[in-house]
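> How does the following fold in three dimensions:
(one chain, ligands or ions: 1)
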Amino acid sequence: MNFLFSFTISRRILKQQPPAKKDRKDTVNTMEEKTEMTEKTEMNNTNEASARPRRKTMMFDLDGTMYRGTQPIEAGIRAIEFCRAHEIPYLFLTNNSMRTPQENADHMNRMGYTDIRAEDFVNSAMAAARYVKHLNQGNRAWMIGQDGMKQALLDEGFEITDDHPDFVFIGLDKTADYAKYSKALALLLDGAKLVGTNMDRILAKPGGFEVGNGSVVAMFEYATGQKSPQIAKPYAPILETALAYAGISKEDAVLIGDNLETDIALGYNNGVRTLFVESGVHHREDIERLEVIPDETVASLDEADFLRLSAIDQTIV
Ligand SMILES: [Mg+2]
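Numbering: from 1, shown residues only. I've put the predicted structure just below:
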């Protein structure tokens, strides 16, 4: 058995295994199941009604894929320029709920990207607000979060109030303090439902790490005994939001990112094509350890063949 053959076999075996169980996965509650059903029906209807797009949509992660903190990844700039020049649709898909889409666009345009627009972004706050709206269990919300969280709630028609809210949303908020956490706790104990935008445990920053929003959500789960629905990467609701936003089905999307456990796992677990780029947190030696298998791996986005990746059939390559 030559090496290539044995590699192909082991890859196939890995692919056939059920997705590695995430420790939080069995906590998915009925809220999530109900919304997933609603979304699937909605998506099927959309797909039947619309014609197939000409090219697949590239869904790029941000941190570690397009930039690191305030430093752009130059290959990311070239990738976006290439997509735009060749009319390959793209959007940015991020677990970070802190910035509004406009703030995200400004952030990227300041660091050397050009003509990035607010409508190019889907974040976990948008996914959380959309997810909860579809539950039809009330529109009164209180939140811990910054501008991105607030705008997402207002855009989905939520009233932000601390007077018996139906939901307490927890998004990344670097200014929140003990008093604010205690207020959220009181509202949750009074009957509001807990909704965390994302479960990222830690956040990378230059030279180290910060507390991720998932760690704060876990604190509220511990304090209240409630479980938050799972919304952001690697869980399906954020993908459903992005597909609905782009007006496409999952066959016409490609997920691109640097994190095997979030960006690539989202595609691997949900049957969406993935491109793994080694410009951020993970490298190809992590693939086997994590049992998350990308469809393609590149060291830099400069190596990616976007014309081929976006081709829907052989006639338009
Ligand atoms: Mg990333």
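> since we're on Tyr178, how many residues are nearby?
7 (other CB atoms under 10 Å). Every C-beta, even on glycine, is put in place using the N, C-alpha and C of the backbone.
> Next, give phi and psi for it.
Dihedral pair for Tyr178: phi -60, psi -40, per degrees, to the nearest 10.
> Check what pLDDT it gets.
If you check Tyr178, the pLDDT there is 98.
> Tell me how far it lies from the ion.
Counting by CB to the ion, to the nearest Å, the gap from Tyr178 to the ion is 30 Å.
> For that residue, give me its contacts.
Taking CB atoms under 8 Å, 6 or more residues apart in numbering, we find Tyr178 in contact with no residue.
> Give the bridge partners for Asp63, please.
Tyr67 (DSSP bridges).
> what does Val195 give?
Phe169.
> wouldn't it be in contact with Pro165 here?
No. Using CB atoms under 8 Å, Val195 makes no contact with Pro165, being 10.6 Å away.
> count of neighbours near the residue of the stretch 51-200 of the chain found nearest the ion?
In the stretch 51-200 of the chain, the residue found nearest to the ion is Gly64; the distance is 3.5 Å by CB to the ion. The tally of other residues near Gly64 (other CB under 10 Å) stands at 21.
> wait, isn't it in contact with Phe276?
No. Checked against CB under 8 Å, the pair Gly64 and Phe276 is beyond contact range at 11.1 Å.
> where do the contact lists of the two overlap?
What both Gly64 and Phe276 touch, as defined by CB under 8 Å, 6+ apart, is the set 257-258.
> is it true that Leu275 lies in a strand?
Yes. Judged by DSSP: H, G, I helix; E, B strand; the rest coil, Leu275 forms part of a strand.
> any idea how far Lys174 is from Pro234?
24 Å (CB to CB, to the nearest Å).
> quick one: the helix or strand harbouring Leu266 to chain centroid distance?
Assigned by DSSP states H and E, Leu266 falls within helix 265-270. Computed by CA atoms, centre = their mean, to the nearest Å, the chain-centroid distance of helix 265-270 equals 11 Å.
> pLDDT (mean, whole number) over it?
pLDDT averaged over helix 265-270 gives 98.
> how about it, does it reach the ion?
No. Helix 265-270 lies out of reach of the ion by CB under 5 Å from the ion, never closer than 11.6 Å.
> so what does that helix touch, helix or strand wise?
Packing partners of helix 265-270 (3 or more CB pairs under 8 Å, 6 or more residues apart in numbering; DSSP states H and E): helix 236-246, strand 273-277.
> Burial check on Ser249, number of neighbours?
Ser249 has 17 neighbouring residues, counting by other CB under 10 Å.
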